[in-house]
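K.L.:
3D model of this:
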Amino acid sequence: MPDPSSNAQRMGVAMRENSPFTALTEALADAVLIVAETGEVLYASERFSDLLRWKPAEVVGTDFFALFHEDDRPMLPDQMAGGGLGVQWTARMLDRDGGTRWMSLGLRQPEGAKPEGTYVLARPLDTPPEITDAAVLFQRALDAANNLVVITDARRKDNPIIFANDYFLEVTGYEEDEVLGRNCRFLQFLPDGTRDDQPERYQLRDAQDAGRPATVLMRNYSKSGDLFWNELYVTPLFDPDGTLTHFIGVQNNVTDRVEAQEDVRRRGALLQSFYDSAPMMMGVTTLSEDGSVVHRSANQTASRFYGVAPEAVEGKTERDLGYTEGESARWQAHYREALASGKPVRFDTCYPWDGDPRGADVRNLTVALNHIPGTGQGGDGHEGNGDEADLPLFSYVVQDVTEQRRTERARGMLEQALESTTTPFLITDADLDRPGPRVTYVNPAYTGMTGYPRDEVVGQTPRLTQGAKTDRALLDRLRRQLEAGEAFHGETVNYRKDGSEYVLNWSIQPIRNPDGEITHYVATQNDVTRRRELEQEVLEISAREQERIASDLHDGLGQVLTGVSFLTASVENRLREQGSPHLEDVAQIRSYVEEAVEQARALAHGLHPVSTEPDGLIKALAYLADTVEAAYGISCSFVYNRPVLVADLNQATHLYRIAQEATTNAVRHGEASEIALSLYDLAAEADPHAAPGEAVLTVFDDGHGITDAALEESDGMGLHTMRNRARRIGGTLEVGRRGEGGTYVRCRFTPEA
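P.N.:
Residues are numbered from 1 along each chain as shown. Prediction:
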């Protein structure tokens, strides 16, 4: 050891004379050294003397590196120069007697102090670093293990935990300070604070009391209350004297495995329950060496069918269970097929065996037969030693499909009837929202009526045949009634594939399942175009006949009566001049003749209400409003925005009759107190949807409002006739309820020249 320098001695003396600094360093458990940049020791605390028996005065001024074992000196310059403050390392320091002692050293700098050198704190190590490092490595290995590891101290009361690895803390959710010092039983408590009383804990307790190893499977609970299954291996540790000192517990989190096993058990129980209670006949059989089918088991349904108890089925062949020779041969052939192919085999049969499948009292059966993989191949000339365990196993399921077959036959007959009927049929699903409903079936009569092939209709919507003249009000009513679960009936214009129009008479009925839910709609559709044309011809013939009769009344009878009236008036004047007593009789005759003239004119107007003038319709509607108001004592008005001239007398007459029918219905059926007739030129109304020159005749009333039932009755309330008249003049008719009450009738048309 070199002699201390005078400068270092003086600095050491000065530091020791600094009583606060000295008091601080002497109070520390570590020895304190201050080392200059040159490596010279500037200061050593009295604690250094206690540890290595060097007096501080003997160390101050010496080379710091010379205080260490020669093998540890090479690392010191890097530790002192490159490590910086906070560096910690271990090394052997020399004591005054020439021995060595392992020391833990660290570099420090007191906060706020002006550094005079590097402060080195030295503390002795009770355990050599190689032993300490081994313990650290051991703990790190335990922390990295995928097992829950705890060590308990059997020498202390209640066998507390003294170590728990990181994985234990991760799985249980506890912090280390919540685990250490406690018995492991805290993992057995449920979230409500009660202990899970499981028999395995008593097995564990008895093994620990006896100092024996133990393996148990227990339910444990994490800090959050989650259940996990713990496979626990407990090993006791003894000291050399044979005294029990510790237990090591290695725990495997086998929750996934236990849950999987429980799932398998549960599935097995469900399958067994299904097997026992299934409504189908089910059984497990073997194919014996002689080719006969031998039962291993049968469920209750099959046992009842065979007329034996389930436990008595085992060992019975198919012939023992009542199969006929022919039926037995059929089953054996299918068994051999399943065995050879390794695939499931399905076949149909019936009971009584060998009966007619279409017989009234025969039960139709479908059999699904399956060879169970992995079972023996004996019984069909394949390898086998005759041992029952070597025979192939089969499972079978027999389902009674009698009602299904009858339903299929009935459905086939119904479909055949629909295919052959001349009435067009269409079936859709129940989804009324676009793009639905979708067509699921149409019969040939429908394709013949519309011109669309079946493959172009099925999967599409019935809107396929609708177009510009299809009555929107009728479609709205259709939607409203179907949503209410009601049937629908109506009539409108539809379009064939080639674009031609036809008049459709339409009925729709909902189809419901056993729960009352609507699953489909079935529609019958009839092309009534020719019928309506014939009806229109009748109307036109009737109109022409009325016009002729009106002309005869007005021009023939009316003129004759008018002449009689004039003659009677002349006779009355002469008798008045003569003072004849018959004057009063002649005056009465003239009055009757004039009344007859008025009645003839009224009849002529009723038969032919519209004059041949271009504004004849306007005059006729105004006359109709006055007549209704006078006849029924209600308010009836007529307005128009500008004269709509209808030069075609036939068109004008049809429009008048529509207005006349609507006003009559409003009074008789709607009990209206106010009726409004209007005739508007839509161009003047700036209607963006109007065709060029289009006009509209409208009748509003404030009555009860037309009902859906009345709208459905195509022959009721004159609706059928009004629609025919509208179609005849190339117009469209819309009838419905007004929002504020009452009924509206609206006919859109284009005046003809």
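K.L.:
quick one: contacts for residue 590?
P.N.:
Residue 590 makes contacts with 565, 568-569, 572, as judged by Cβ atoms under 8 Å, 6 or more residues apart in numbering. Every residue, glycine included, has its C-beta placed from N, CA and C.
K.L.:
Closest to residue 236 out of these?
P.N.:
Proximity of the contacts of residue 590 to residue 236 (Cβ to Cβ) peaks at residue 565, which lies at 143.1 Å.
K.L.:
give me the element that closest one is part of.
P.N.:
helix 558-578 (DSSP states H and E).
K.L.:
Now that helix: average pLDDT?
P.N.:
Taken as a whole, helix 558-578 has an average pLDDT of 75.
K.L.:
How much space separates the residue lying farthest from the centre of the chain from residue 590?
P.N.:
The centre of the chain is farthest from one residue, residue 578, which by Cα atoms, centre = their mean lies 105.6 Å away. From residue 578 over to residue 590 the distance is 17 Å, taken as Cβ to Cβ, to the nearest Å.
K.L.:
now residue 579
P.N.:
Using Cβ to Cβ, residue 579 is found at 18 Å from residue 590.
K.L.:
can you check residue 686 too?
P.N.:
From residue 686 across to residue 590, the span is 57 Å (Cβ to Cβ).
K.L.:
hmm, who's touching stretch 627-634?
P.N.:
635-636, 663, 667, 672-675.
K.L.:
Which members of the residues you listed are classed as buried?
P.N.:
636, 663, 667, 672, 675 (16 or more other Cβ atoms under 10 Å).
K.L.:
Sort out which residues of the helix or strand harbouring the second one are buried, please.
P.N.:
Under the criterion of DSSP H and E, residue 663 resides in helix 649-668. Counting neighbours by 16+ other Cβ under 10 Å, one finds that the buried residues in helix 649-668 are 649-663, 665-667.
K.L.:
Likewise for stretch 343-359?
P.N.:
345, 349-351, 353, 355.
K.L.:
so what's the backbone phi/psi at residue 732?
P.N.:
phi -130, psi 140 (degrees, to the nearest 10).
K.L.:
Verify the contact between it and residue 745 for me.
P.N.:
No: counting by Cβ atoms under 8 Å, residue 732 stays clear of residue 745, with 11.8 Å between them.
K.L.:
which helices and strands does the helix or strand hosting residue 526 pack with?
P.N.:
Assigned by DSSP H and E, residue 526 belongs to strand 518-527. Where contact means 3 or more Cβ pairs under 8 Å, 6 or more residues apart in numbering; DSSP states H and E, strand 518-527 is packed against strand 425-429, helix 444-450, strand 501-512.
K.L.:
Each with direction, which strands does that strand pair with?
P.N.:
strand 425-429 (antiparallel), strand 501-512 (antiparallel) (DSSP bridges).
K.L.:
Residues touching that strand, excluding its own?
P.N.:
Residues from elsewhere that reach strand 518-527 (Cβ under 8 Å, 6+ apart): 423-430, 437, 440, 446, 449, 462, 482, 485, 502-513.
K.L.:
Show me which of those are buried.
P.N.:
Neighbour-count burial within the contacts of strand 518-527 applies to 424-428, 430, 437, 446, 449, 462, 482, 502-506, 508, 510; the criterion is 16+ other Cβ under 10 Å.
K.L.:
Please give the number of neighbouring residues around residue 404.
P.N.:
Residue 404 has 12 neighbours, counted by other Cβ atoms under 10 Å.
K.L.:
did I read that right, it in a helix?
P.N.:
Yes: applying DSSP: H, G, I helix; E, B strand; the rest coil, one finds residue 404 inside a helix.
K.L.:
separation between it and residue 410?
P.N.:
With distances taken as Cβ to Cβ, residue 404 is found 11 Å from residue 410.
K.L.:
And for residue 395?
P.N.:
Distance of residue 395 to residue 410, computed by Cβ to Cβ: 33 Å.
K.L.:
and of the buried ones among the contacts of stretch 627-634, the nearest to residue 267?
P.N.:
Nearest member of those to residue 267, counting by Cβ to Cβ, is residue 672, at 73.2 Å.
K.L.:
Let me know the pLDDT of that closest one.
P.N.:
91.
K.L.:
Quick check: residue 119 touching residue 33?
P.N.:
Yes: Residue 119 is within contact range of residue 33, at 7.4 Å (criterion: Cβ under 8 Å).
K.L.:
in the stretch 1-150 of the chain, which spans are strands?
P.N.:
Secondary structure of the stretch 1-150 of the chain by DSSP state E, counting those that start in this stretch: the strands cover 31-35, 41-44, 88-94, 100-108, 118-124, 148-153.
K.L.:
Buried ones in the fourth one, by neighbour count?
P.N.:
Going back to what we said before, that points to strand 100-108. For strand 100-108, by 16+ other Cβ under 10 Å, it's 102-107.
K.L.:
now, the most widely separated pair of those residues?
P.N.:
That would be 102 and 107, which, of the buried residues of strand 100-108, are the farthest apart (Cβ to Cβ) at 18.0 Å.
K.L.:
just to revisit the earlier point, mind giving me CSV with the helices and strands packed on strand 518-527 and columns for distance to residue 645?
P.N.:
Shown next, in CSV, are the helices and strands packed on strand 518-527 (distance: least, Cβ to Cβ, whole Å):
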stretch, distance to residue 645
strand 425-429, 44
helix 444-450, 39
strand 501-512, 28
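K.L.:
Which one of the contacts of stretch 627-634 is nearest to residue 57?
P.N.:
Closest to residue 57, out of all of the contacts of stretch 627-634 and judged by Cβ to Cβ, is residue 674, at 130.4 Å.
K.L.:
Now do the contacts for that closest one.
P.N.:
Residue 674 is in contact with 634-636, 701-702, counting by Cβ under 8 Å, 6+ apart.
K.L.:
now residue 658
P.N.:
Residue 658 makes contacts with 697, 722, 725-726, 733, 745, 747, as judged by Cβ under 8 Å, 6+ apart.
K.L.:
if you set the cut-off to 10 Å instead, what comes out?
P.N.:
Contacts for residue 658 (Cβ atoms under 10 Å, 6 or more residues apart in numbering) come out as 697, 699, 718, 721-723, 725-726, 729, 731, 733, 745-747, 749.
K.L.:
Which residue in the residues you listed has the weakest pLDDT?
P.N.:
Within those, the minimum per-residue pLDDT falls on residue 718 (73).
K.L.:
didn't that residue look like it was pressed against residue 699?
P.N.:
No: counting by Cβ atoms under 10 Å, residue 718 stays clear of residue 699, with 12.0 Å between them.
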